[in-house]
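Q: predicted coordinates and the sequence they were generated for:
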Amino acid sequence: MEWKHDDAVWFRRWPEQLFYPLQTIATLGVLLFFWKHYELKWSNKVWIGALAGLVGIGFWLLPTTLYDSWGMTGKPETFLEKLSGLAPRKEGFDPGVFEAPAAFWTSLILRVLRAVVIVALVEEIFWRGFLMRFLLKMDGDYWKVRFGKPAWISFLVVTGAFVIAHQPLDYAGALVYGSLTYGVAVWTRSLMACVVMHAVANAGMAAYAMAYGKYGMW
């Protein structure tokens, strides 16, 4: 669908500017439809998730920050180079492609909503709310397994799957972040704490991406 041409309509030049908002709206509708089934109860341990989110995203952003601090140039080419995460990360979702203020702010707000609310809810409901417990009772009533029950199989599978769901440049950050989130789930026994952790982390990533032009981060 992408057509990088001056005469192309905006959604052909930047398809992500169309599909990201559509994903956001559609997924929000699904979340609201099934809302009563989620175990999202506020806990006095939510602050642990918020703190872990700041720590986790700090590790995630460290490689590209070092890339700039060390005055590096070029892009990683081999798989091993990509694993380091040392890259400029400049190419990605940029609301600045729109000159009109209304279009810019609509694009930015919907993108932040997607990262901070939609992604935080969907990923934690799946990774920690479902898969982490399903692995402990795959042939029975997995939803009756206490949330946050620790086991090596759930740590290795959930964290490993979370890592490979991202691109190689983010593997190192995802490994640290995924491990921290597993720890928050076990420590707090609160799905909401994990959601808040994800929301805080993605909010930090969004602010960083916009402040330093690191659009490849989100």
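A: Happy to help now that I have it. Numbers count the residues shown, from 1 in each chain.

Q: report pLDDT for the residue nearest to residue 66 when sequence neighbours are not counted.
A: By the measure of C-beta to C-beta, 6 or more residues apart in numbering, the closest residue to residue 66 outside its immediate chain neighbours is residue 86, 6.5 Å from it. Backbone N, C-alpha and C define where each C-beta goes, glycine included. pLDDT, residue 86: 97.

Q: residue 86 contacts residue 76, doesn't it?
A: Yes - here residue 86 reaches residue 76: they are 6.5 Å apart, a contact under C-beta atoms under 8 Å.

Q: neighbour count winner among these two?
A: residue 86 (22 against 19; other C-beta atoms under 10 Å).

Q: just the element for that one, please.
A: Here residue 86 is covered by no helix or strand, with elements defined by DSSP states H and E.

Q: state the distance from it to residue 27.
A: For residue 86, the distance to residue 27 (C-beta to C-beta, to the nearest Å) stands at 32 Å.

Q: show me which helix runs longest in the chain.
A: The residue-count maximum for a helix in the chain (DSSP state H) belongs to helix 46-69.

Q: which residues of this protein fall in helices?
A: So, for the chain - with DSSP H - the helices run 10-13, 16-33, 46-69, 79-83, 101-113, 120-124, 132-134, 152-164, 171-188, 191-212.

Q: pull out the buried residues from the last one.
A: Applying a neighbour-count criterion of 16 or more other C-beta atoms under 10 Å, the buried positions in helix 191-212 are 191-206, 208-210.

Q: next up, the contacts around the nearest residue to residue 23 once chain neighbours are set aside.
A: Leaving aside its sequence neighbours, residue 23 sits nearest to residue 114 (C-beta to C-beta, 6+ apart; 6.7 Å). Residues counted as contacts of residue 114 (C-beta atoms under 8 Å, 6 or more residues apart in numbering) are 20-21, 23-24.
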